[in-house]
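[1] the following comprises the amino acid sequence and a computationally predicted model.
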Amino acid sequence: MMKTDIHADDYALTVNTSRDMLACMEKGQLDSISIVPNMSCFEECMELLYEAIPRLPFLPAMSVHLDFVEGRCLAGAGQVPLLADRATSLMKLSWGGLFALSCQRWKKGAAKEQLRAEIRAQIEAVNAAVKRALEIAAAAGVACGQKGIRIDSHQHAHMIPVVWEALIEVIAEEGYTVEYIRNSREMLKEFVMKPSLWRTYRPVNFVKNRLLFLYSRKVDRYGAAHGMERMYLWGLVMSGHMDYERIKALYPQIAARAEKEGRTLEILFHPGLTLPEEVTEEMGEEAAKDFYLRPDRYVEMEAVGKIH
């Protein structure tokens with residue numbers, strides 16, 4: 001029988017984003033969440049989670065949401081000058097800038113070394129928080145099935161070749177027990193076969209879908225070699241507007257495809273809204289306007305409740 005994972009990204013992006021996600025967790029609506037490690041509100045948001053755990057029906061699995069395009073570096077700006085501004089420690093590259101590092105042979109070695117340092121720092125920050133959350137859950141009798149480290153990333157940047165290479169090197173060097181790495185592998189046929197929905201998609205998301213599908217093969221191979229579940233992700237073509245009506249229309253076909261291929265289906269939501277007063281220099285102004293501040297996030301929050 002196919003396994004479905006209802007997942008929410010961006011815990012600890014802002015305090016209100018985290019409060020909204022906690023509201024979903026208190027209703028038992030999320031199977032897993034991703035935790036942003038490098039925003040200034042990280043500690044405050046984790047304290048909110050620790051406080052809430054005894055009230056939860058269960059504790060969702062928790063992933064490190066590696067972030068190389070927003071927030072502040074955790075490895076120290078002096079150690080990662082290709083990634084972060086020396087004066088402010090703010091991340092300075094876009095997704096495209098990270099991708100370019102994969103193509104620039106004269107920079108790739110230094111980029112991978114710096115990425116390893118930042119990946120290690122971000123994993124350690126979230127791993128320490130997850131360990132504390134699991135201890136609180138155990139003491140409170142709140143169930144959680146998580147056994148190892150879980151990893152995904154903001155804008156799926158871990159799929160970029162140079163980032164991926166750095167990530168698997170860190171895992172090997174540190175001997176981490178990793179139970180999950182998101183494979184940003186989303187099918188396309190099921191979206192194309194619903195012409196009535198074509199105008200509801202952003203064209204750029206189809207490009208993202210195909211590019212990440214190409215890179216997903218290496219994640220499939222790595223996962224198979226390390227005993228991880230094969231998976232499909234649903235949340236790229238519809239990124240930013242995972243509404244219930246379209247999910248209901250597409251779910252039978254997408255679920256059937258995942259079941260036929262023996263893959264877990266991870267349905268990706270962003271159910272937390274950032275408040276205008278929470279927008280800081282740590283997040284891009286364009287991203288805040290186009291994504292974090294949009295009421296679509298409450299549309300996704302509503303969908304989480306209905307689909308669960």
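    That came through, no problem. Bear in mind the structure is a predicted one, so any value in this text is a computation, not a measurement.
[2] do a quick rundown of the strands in the stretch 1-150 of the chain.
    When assigned using DSSP state E, counting those that start in this stretch, the strands of the stretch 1-150 of the chain occupy the ranges 4-11, 32-35, 61-66, 149-153.
[3] which residues sit against the second one?
    Contacting residues not belonging to strand 32-35 are listed as 5-12, 21, 25, 46, 60-65, 126, 129-130, 150, 152, 266 [CB atoms under 8 Å, 6 or more residues apart in numbering]. For glycine as for every other residue, the C-beta is placed from the backbone atoms N, C-alpha and C.
[4] how close does the nearest residue to Glu165 once chain neighbours are set aside sit to Gln155?
    The shortest distance from Glu165 to any residue that is not its chain neighbour, by CB to CB, 6 or more residues apart in numbering, is 6.0 Å, and that residue is Lys112. Summarising the geometry, the distance separating Lys112 from Gln155, computed by CB to CB, to the nearest Å, is 19 Å.
[5] picking that back up, relative to Glu118, how far out is the residue nearest to Glu165?
    Taking CB to CB as the criterion, Lys112 is separated from Glu118 by 11 Å.
[6] and what of Ile160?
    The spacing between Ile160 and Glu118, counted by CB to CB, is 13 Å.
[7] residues near Phe58, how many?
    Neighbouring residues of Phe58 were enumerated by other CB atoms under 10 Å; the total is 15.
[8] tell me which residues in the helix ranked longest in the chain are buried?
    Longest helix of the chain, by residue count under DSSP state H: helix 105-140. Of the residues in helix 105-140, those scored as buried under the neighbour-count criterion (16 or more other CB atoms under 10 Å) are 111-112, 114-123, 125-127, 129-130, 133-134, 136-137.
[9] how about stretch 142-154?
    Buried residues in stretch 142-154, counted by 16+ other CB under 10 Å: 142, 144, 146, 149-154.
[10] ok, now which ones touch Ala84?
    72-73, 77, 90-92.
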